[in-house]
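K.L.:
Give the three-dimensional model of this entry:
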Amino acid sequence: MSMNTPLIDPFARAITYLRVSVTDRCDFRCVYCMSENMQFLPKKELLTLEELDRMCSTFVDLGVKKLRITGGEPLVRRDIMTFFQSMSRHLDSGALDELTLTTNGSQLARFAEPLYAAGVRRVNVSLDTLNEEKFARVTRWGRLAQVLKGIDAAQAAGLKVKINAVALKDFNEDELITVTEWCASRDIALTWIEVMPMGDLGNEDRVGQYWSLKDLRTQLAERYTITELSERTGGPARYVRLEETGQKIGFITPLTHNFCESCNRVRLTCTGELYLCLGQEDMADLRAPLRNNPKDNAPLKHAIHDAIGLKPKGHDFDYSRQKADGQVTRHMSHTGG
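P.N.:
Just a heads-up that it's a prediction; the model follows:
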């Protein structure tokens, strides 16, 4: 096997998509993602920006075509723009097809233009409600006006925006149509996500928050004509088109619909652990081969290939078999969603 053999897992799936968490810190404390008093990782455990560059560049050498930067909130990492600017060389060379990020939008007013200049063309913004009071309640620390300003700035800079909304029972059910229409009016794509059972978040009743997207979809169908779309991104989303508005709506249902057959992605945490599946605990430490061989990427490439060889066929989120606060013990903010 040559050093740059593309990454193919045991189920013949090509791994072309890497999600990278660049920090576990965030300026929000969303109730389904973090507890209010989070213990963050010591700074020295985190990969430096230079190490992140070397790590991501190695994955690009091995055939990764899409890089999504996540967190925590990626834009609160100090000097993160130097990392984006540095990664843009892989877009320029054609080695990388897409550099993108998922953000809560709080810092977009500041960073939208430099992100566009670094070659980012799309951004996913996590936004569950357009009601200011509810937004403050679900994010604990967030301010809706700041996020809406960030979305305006992103669109003004030329970035395509997609909203990721978590479906929460008794919270944003009544906003289904409002959010849909708001997105349609602004040419923003929308994806609804079922609550994933991850990490112990204190006293939140996770199962109480579960709102099946089947129900959500039924409600949409009462209002719109829905056409199934066959497109797949190798990920969990299933897409439909609302004929009346022409907009595309995605549904991500980890609990009610396994999405594993076509999985093309792996996740790197901010400490250099490679998680092969969001819903499994299998991981490989890539920080050691990276740090122990500062001048030689061969050991890192070996470690990546070995890890991909362990990628499982699928995950197992099932409320009926697990206790409610999730059988995956790490917080979503650690793996970056």
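K.L.:
Which parts of the chain are strands?
P.N.:
Here the chain has its strands, by DSSP state E, at 17-21, 66-70, 98-103, 122-126, 160-167, 189-194, 226-228, 238-242, 248-252, 265-268, 273-275, 283-285.
K.L.:
Out of the ones you listed, flag the one nearest Gly314.
P.N.:
Of all the strands of the chain, strand 265-268 sits nearest to Gly314, with 13.2 Å by Cβ to Cβ. Any C-beta I mention is one placed from the backbone N, CA and C, and that applies to glycine too.
K.L.:
Sheet partners, orientation included, of that closest one?
P.N.:
strand 17-21 (parallel), strand 273-275 (antiparallel) (DSSP bridges).
K.L.:
Pick the most buried one from those strands.
P.N.:
Most buried of those, by mean neighbour count (mean count of other Cβ atoms under 10 Å): strand 17-21, with a mean of 24.
K.L.:
before we move on, back to that, CSV please, covering the strands of the chain and showing distance to Val60.
P.N.:
Converted to CSV, the strands of the chain look like this (distance: least, Cβ to Cβ, whole Å):
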stretch, distance to Val60
strand 17-21, 8
strand 66-70, 8
strand 98-103, 10
strand 122-126, 18
strand 160-167, 22
strand 189-194, 26
strand 226-228, 34
strand 238-242, 27
strand 248-252, 26
strand 265-268, 13
strand 273-275, 15
strand 283-285, 18
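K.L.:
Quick check: which of these is nearest to Tyr32?
P.N.:
Proximity to Tyr32 (Cβ to Cβ) singles out strand 160-167 among those, at 6.1 Å.
K.L.:
per-residue pLDDT, Val207?
P.N.:
We have a pLDDT of 39 for Val207.
K.L.:
I meant to write Asp53 there.
P.N.:
With respect to pLDDT, Asp53 has a value of 98.
K.L.:
Next one, pLDDT for the nearest residue to it once chain neighbours are set aside please.
P.N.:
Computed as Cβ to Cβ, 6 or more residues apart in numbering, the closest residue to Asp53 that is not its neighbour in sequence is Ser86, at 5.2 Å. Listed pLDDT for Ser86 reads 98.
K.L.:
Count the residues that sit near Ser86.
P.N.:
Ser86: 16 surrounding residues under other Cβ atoms under 10 Å.
K.L.:
do the same with Leu300
P.N.:
Close neighbours of Leu300, defined as other Cβ under 10 Å, add up to 24.
K.L.:
Lys313 now?
P.N.:
Neighbours around Lys313, by other Cβ under 10 Å: 13.
K.L.:
List phi and psi for Ala95.
P.N.:
Main-chain torsions, Ala95, degrees, to the nearest 10: phi -70, psi -30.
K.L.:
and the gap between it and Leu190?
P.N.:
As judged by Cβ to Cβ, to the nearest Å, Ala95 and Leu190 stand 31 Å apart.
K.L.:
same check, this time on Gly142
P.N.:
From Gly142 to Leu190 the distance is 19 Å (Cβ to Cβ).
K.L.:
for Val138, same thing?
P.N.:
From Val138 to Leu190 the distance is 17 Å (Cβ to Cβ).
K.L.:
So Leu101 sits against Gly119, correct?
P.N.:
No: look at Leu101 against Gly119 with Cβ atoms under 8 Å: they stay out of range, at 11.6 Å.
K.L.:
what's around Gln155, how many residues?
P.N.:
Applying other Cβ under 10 Å, we find 17 residues neighbouring Gln155.
K.L.:
Then Gln247?
P.N.:
Neighbours of Gln247 using other Cβ under 10 Å come to 19.
K.L.:
Likewise for Arg77?
P.N.:
Neighbour tally, Arg77, other Cβ under 10 Å: 21.
K.L.:
pLDDT weak spots in this protein?
P.N.:
1, 196-209, 255-259, 315-337 (pLDDT under 70).
K.L.:
now do 80
P.N.:
Along the chain, the parts satisfying pLDDT under 80 run over 1-3, 32, 195-210, 232-235, 254-261, 278-281, 314-337.
K.L.:
Contacts for stretch 42-50, please.
P.N.:
23, 55, 77, 79-80, 82-83, 86, 270-272, 287, 290 (Cβ atoms under 8 Å, 6 or more residues apart in numbering).
K.L.:
Can you select the buried ones from these in PyMOL?
P.N.:
With 16 or more other Cβ atoms under 10 Å as the criterion, this PyMOL line picks the buried residues out of the contacts of stretch 42-50:
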select buried, resi 23+55+77+80+83+86+270+271+272+287+290
